[in-house]
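Novice: structural data only, the sequence is not supplied:
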């Protein structure tokens, strides 16, 4: 039987329509527009991350590091080498993919929690490298003020929220479509096979090493590209993205949406990004609140938002439906 | 001559640091060995133990003996409550491995942010357990370091006895080896999980009291200690008692030399480098079993 693993087309199309029309309602509110753009950036990043931890069950804890590498590659090449912003963004993705594959090579023989340890190692080393070469990277204040990407008359920068939103939306749709295609391709099937029954999958000739490198490559590329987009959207980058709260909030976006339930992570990204931005007035207590949200999501909704329909459906059927159509819902 | 003196001084630093790291890392190692949960909140436990000790000393004017008598049981109960409130309900779900990782990371964030909101960023300084120092063969040794080392060794011995001779400790070892087997012979797994977390938190409390006079307590200090404990546990072999103690002393020794010759910022990168080398060459660590 062919298993439809991810992506509910109706939900995707409806979501796209809302995302396309929403900014028109908030045309005069640059703050909301920028939060929407930020949510899209995180939506793509966590979907790529979900590809790794949700579908391939490769416990990468290095995706925020990949994001930062993409952002810094763009910033460094634009500032120091003066290459055009568009090329800088692409380069961000490519360099990150290379780093991702190298990390993947380190992790080939490792499983489970050990992969998490190595990739988190990358996350811990990065801020130290950044402060070590502060003559290039700008240290703690980071790099800022480099020229924005320009597409014709449209400027891509947080100072031009409306046009930037649509540029980010375009990039996000493209990348989410790639993720969707990967999930529903033989590659995605191999990921899930190795996740659910690795011994059996390998006995059927699924090459574990090859798919591990593929998942690191693809998801690092997308994450790095989004990091580059983020840097060029804010015309700058600093090492603060590497702090623990960012890492955790990104993880909780996946969990809130539902681990390994494709468009879920994007929904999680919108909810968490908006929550995080609107909690700013709490100052010091903001991170207390965010920590509480993280713990509460895991305790009360460990399967995520995308699991709600499949939990509610049998209940509705039992209450309102005819008796004899009770069908066994396969457990995920 | 100077070099020889430096080396001896660094060895002394390494041994005392190693003892404190060992206590911290053992908490992490116990929890992983028994419950297969990697408790990212262990560092936050450390931070809070430091703050509790500081509050008792500074705000309530208690002496150190009272501080130890209050802090350690409080931390034990804290660890027990943490397990019962958060880990216990999650363990019975599918995907529980990642869920508990995220919950423990979330708790670490919550506890760190709470410390930041309540005590602010200014670091708190705790006095030494015993003030003063003496010279031995021309080397300056602080009394605090001697006390630390004695306490560390005593705790390691007590833990060996506990794991080897006491029913509760033997139950922990049984669970670490085989959960199903332990259940069959009637070991109450949920209770063992509870006090394992309690012991880990109490160990974080002890190392918080011992280490706080040297590192200053601030809301993020737990992470710095946690990263070290984390590498020590992996290097020694996840869940291995002997490996953890040996690795703690080896890495503390390396750290003492690296920070002396290359500078303080290289402490953490050195740990990560060791981590990567260990995981590439021998992923199960020094004494690991899998």
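Specialist: Arrived safely, thanks for sending. Just so we're clear, the structure is a prediction, and the values are computed from it rather than from any experiment.

Novice: alpha carbons only for contacts and neighbour counts from here, please
Specialist: OK.

Novice: which element is residue 251 on?
Specialist: No chain in the question, so chain A it is. According to DSSP states H and E, residue A:251 maps onto helix A:244-257.

Novice: wrong one, I was asking about chain B
Specialist: Secondary structure assignment for residue B:251, by DSSP H and E: helix B:241-262.

Novice: which residues does stretch B:258-277 contact?
Specialist: With Cα atoms under 8 Å, 6 or more residues apart in numbering or on different chains as the test, stretch B:258-277 has contacts from A:118, A:121, A:124-125, A:128, B:10, B:224, B:227-228, B:231, B:234-235, B:251, B:255.

Novice: average pLDDT across that stretch?
Specialist: Stretch B:258-277 comes out with an average pLDDT of 77.

Novice: how long is that stretch from one end to the other?
Specialist: End-to-end distance for stretch B:258-277: 16 Å, by Cα to Cα, to the nearest Å.

Novice: go on, stretch A:193-206?
Specialist: The first residue of stretch A:193-206 is 8 Å away from its last residue (Cα to Cα).

Novice: so which bits of chain B are right by chain A?
Specialist: By the rule Cα under 8 Å from any Cα of the partner chain, the part of chain B lying against chain A is B:86, B:89-90, B:99, B:102-103, B:105-107, B:109-111, B:113-114, B:116-117, B:265, B:269, B:272, B:275-276, B:279-280, B:283.

Novice: quick one: the helices in the chain?
Specialist: Just going to use chain A. A:9-25, A:30-50, A:63-76, A:85-107, A:112-132, A:134-137, A:161-183, A:186-196, A:198-203, A:208-233, A:244-257, A:263-278, A:285-300, A:308-320 (DSSP state H).

Novice: other chain: chain B
Specialist: Counting by DSSP H, chain B has helices at residues B:2-35, B:42-54, B:64-82, B:88-90, B:96-119, B:143-165, B:167-177, B:179-184, B:189-215, B:221-236, B:241-262, B:267-281.

Novice: out of the ones you listed, which gets nearest to residue A:258?
Specialist: helix B:96-119 (11.4 Å; Cα to Cα).

Novice: got the buried residues for that closest one?
Specialist: Across helix B:96-119, burial judged by 16 or more other Cα atoms under 10 Å in any protein chain shown covers B:96-117.

Novice: does residue B:172 touch residue B:163 like I think?
Specialist: Yes: counting by Cα atoms under 8 Å, residue B:172 touches residue B:163, with 7.4 Å between them.

Novice: returning to that earlier point: which residues are contacting the helix holding residue A:251?
Specialist: Applying Cα under 8 Å, 6+ apart, the contact partners of helix A:244-257 are A:42, A:46-47, A:50, A:64, A:241, A:263-269, A:271-272, A:287, A:290, A:294, A:297-298, A:301-306, B:102, B:105-106, B:109.

Novice: which of these are buried?
Specialist: Buried among those (16+ other Cα under 10 Å): A:42, A:46-47, A:50, A:64, A:263-269, A:272, A:287, A:290, A:294, A:297-298, A:301-306, B:102, B:105-106, B:109.

Novice: below-threshold pLDDT in chain B: ranges please.
Specialist: Applying pLDDT under 70 to chain B flags the ranges B:1-2, B:288-290.

Novice: relative to chain A, which residue of it is the closest?
Specialist: Chain B approaches chain A most closely through residue B:110 (4.3 Å), counting by Cα to the nearest Cα.

Novice: residues near the nearest residue to that residue once chain neighbours are set aside, how many?
Specialist: Closest residue to residue B:110 apart from its sequence neighbours, by Cα to Cα, 6 or more residues apart in numbering or on different chains: residue A:291 at 4.3 Å. Neighbourhood size, residue A:291 [other Cα atoms under 10 Å in any protein chain shown]: 26.

Novice: tell me who's in contact with residue A:291.
Specialist: B:106-107, B:109-110, B:113.

Novice: next: residue B:254.
Specialist: Counting by Cα under 8 Å, 6+ apart, residue B:254 touches residue B:14.

Novice: same question, residue A:27
Specialist: Residues near residue A:27 by Cα under 8 Å, 6+ apart: A:33, A:162.

Novice: local confidence estimate at it?
Specialist: Looking at residue A:27, its pLDDT reads 80.
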